[in-house]
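need a structure here:
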Amino acid sequence: MKILVTGRSGQVGYELERSLQGLGEVIAMDAEAMDLADFDAIRAVMREIKPSLVINPAAYTAVDKAESEPELAMRINGEAPGVIAEEARRLGAGVIHYSTDYVFDGNKAGAYTEDDVTLPLNVYGRTKLAGEQAVQASGAPHLILRTSWVYGARGRNFLLTVRRLAAERDELRIVDDQYGAPTWCRTIADTTAHIVAMLGAGKQGGIDLDQWQAKSGLYHLTAQGQTSWHGFAQTIVAHWSTERKPAVIPIATKDYPTPARRPANSVLSCQKLIDTFCQLPRWDSALNLCLE
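Prediction:
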């Protein structure tokens with residue numbers, strides 16, 4: 001099976017290139033090789049490679065900057081996934097596409113399921129929702145995996161920001177009224193690889209179309225449990241190896257204004273994915289493993 005992975009230099013793409021080894025020929029592309037803002041380039045790459053499966057973690061992820069660049073964010077997050085999926089359908093290939101908790105407004109009292117109504121609060125969430133809809137409309141066999149609060153040991157993310165600030169400051173003021181599940185990028189990649197292995201390859205190196213069509217749809221993929229950004233930061237600082245640890249002070253969202261509004265509740269129910277494919281780790285267990 002030939003597997004094309006976008007965004008190889010991103011957090012999830014970097015891990016996918018490694019987690020997928022042994023499941024097929026993995027061809028990972030960065031933005032220079034496959035620019036998602038250039039639809040002709042997307043088509044050219046896919047027609048040359050002719051993948052059996054396309055996994056698309058690449059995205060415009062600057063949530064606050066998207067408020068001032070809505071057209072570019074929509075092109076990369078909203079329209080490019082549709083181009084990828086349309087080309088995949090032509091090739092008889094499958095698509096795995098990643099989306100976000102930010103498609104919800106955060107007003108629900110409990111965990112969001114895949115059937116809950118979407119109502120994004122910001123440009124980033126609206127563009128990611130458009131990407132979901134484009135993949136769904138393409139007719140290609142697909143899995144859309146919504147995740148949340150992604151972090152890792154490389155790139156730009158909350159974990160690395162907290163570690164950097166902890167080395168510089170005596171006090172960290174962190175929002176304590178937004179809740180979600182911090183999700184290690186390696187958890188996302190390993191779970192994706194497990195799902196690909198379960199669905200299996202078909203004849204002549206393609207995907208098993210019957211399996212893919214039977215399981216096509218929308219799934220939530222996050223670590224289990226929940227915390228606030230403040231709780232996330234506290235856990236990171238607790239692992240800080242130096243004797244001096246900064247104080248982690250809880251603050252309200254209103255005390256930390258940002259260009260893009262965030263949902264207060266980003267907790268996603270992953271029961272559908274667990275019932276269909278596999279278990280998922282708790283957020284704190286995965287974080288400990290990442291920090292170690």
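
helices along the stretch 1-150 of the chain, start to end?
In the stretch 1-150 of the chain, the segments counted as helices under DSSP state H, counting those that start in this stretch are 11-19, 39-49, 70-73, 80-91, 123-138.

redo those as CSV? Include mean pLDDT.
Output for those, formatted as CSV (pLDDT from 0 to 100):
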stretch, mean pLDDT
helix 11-19, 95
helix 39-49, 95
helix 70-73, 96
helix 80-91, 96
helix 123-138, 97
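
in the stretch 101-250 of the chain, which spans are strands?
Using DSSP state E, counting those that start in this stretch, the strands assigned to the stretch 101-250 of the chain run over residues 142-147, 150-151, 171-175, 179-180, 183-184, 217-220, 227-228, 247-251.

who does the last one pair up with?
With DSSP bridges as the criterion, the sheet partners recorded for strand 247-251 are strand 171-175 (parallel).

for the partner strand, C-alpha coordinates in PDB please.
The C-alpha coordinates for strand 171-175 follow below in PDB (Å, rounded to 0.1, in the frame of the first residue of the first chain):
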ATOM      1  CA  GLU A 171       4.800  33.100  37.900                       C
ATOM      2  CA  LEU A 172       2.700  31.700  35.100                       C
ATOM      3  CA  ARG A 173      -0.900  33.000  34.700                       C
ATOM      4  CA  ILE A 174      -2.900  30.400  32.900                       C
ATOM      5  CA  VAL A 175      -6.600  30.200  31.900                       C
END
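
for this protein, what are the low-confidence residue spans?
Low-confidence segments of the chain (pLDDT under 70): 202-204, 241-243.

go again using 50 as the cut-off
Along the chain, segments meeting pLDDT under 50 are nowhere present.

circling back to that earlier point, between the helices of the stretch 1-150 of the chain, which gets nearest to Gly231?
Minimum separation from Gly231 across the helices of the stretch 1-150 of the chain (CB to CB) falls at helix 11-19, 21.0 Å. All C-beta spots, glycine's among them, are computed from the backbone N, C-alpha and C.

tell me the most buried of the strands of the stretch 101-250 of the chain?
strand 183-184 (a mean of 28; mean count of other CB atoms under 10 Å).

distance to Val162 added to the strands of the stretch 101-250 of the chain, as CSV?
Shown next, in CSV, are these (distance: least, CB to CB, whole Å):
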stretch, distance to Val162
strand 142-147, 19
strand 150-151, 9
strand 171-175, 7
strand 179-180, 15
strand 183-184, 15
strand 217-220, 25
strand 227-228, 13
strand 247-251, 9
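
show me the one of those strands that comes nearest Ser19.
Among the strands of the stretch 101-250 of the chain, strand 183-184 comes nearest to Ser19, with 11.9 Å by CB to CB.

what comes into contact with that closest one?
Here strand 183-184 makes contact (CB atoms under 8 Å, 6 or more residues apart in numbering) with 147-152, 221-223, 283, 286-287, 289-290.

strand partners of that strand, parallel vs antiparallel please.
Counting by DSSP bridges, strand 183-184 is paired with strand 150-151 (parallel).

quick revisit: turn the helices of the stretch 1-150 of the chain into JSON lines, including distance to Asp255 and mean neighbour count.
Converted to JSON lines, the helices of the stretch 1-150 of the chain look like this (distance: least, CB to CB, whole Å; neighbours: other CB atoms under 10 Å):
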{"stretch": "helix 11-19", "distance to Asp255": "28", "mean neighbour count": "23"}
{"stretch": "helix 39-49", "distance to Asp255": "42", "mean neighbour count": "16"}
{"stretch": "helix 70-73", "distance to Asp255": "27", "mean neighbour count": "16"}
{"stretch": "helix 80-91", "distance to Asp255": "36", "mean neighbour count": "23"}
{"stretch": "helix 123-138", "distance to Asp255": "22", "mean neighbour count": "22"}
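
just the buried ones from the contacts of strand 183-184, in PyMOL syntax?
To isolate the buried ones among those in PyMOL, judged by 16 or more other CB atoms under 10 Å, type:
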select buried, resi 147+148+149+150+151+152+221+222+223+283+286+287+290
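
quick one on the thing from earlier: mind checking which of the helices of the stretch 1-150 of the chain is nearest Arg164?
helix 11-19 (16.2 Å).

what separates Ser177 from Ala252, distance-wise?
Ser isn't right for residue 177; it's Asp. According to CB to CB, to the nearest Å, Asp177 and Ala252 sit 5 Å apart.

so between these two, which is more surrounded?
Higher neighbour count among Asp177 and Ala252: Asp177, with 15 against 10, using other CB atoms under 10 Å.

so the more buried one touches Arg262, yeah?
No. When contacts are counted by CB atoms under 8 Å, Asp177 is not listed as touching Arg262 (10.1 Å).
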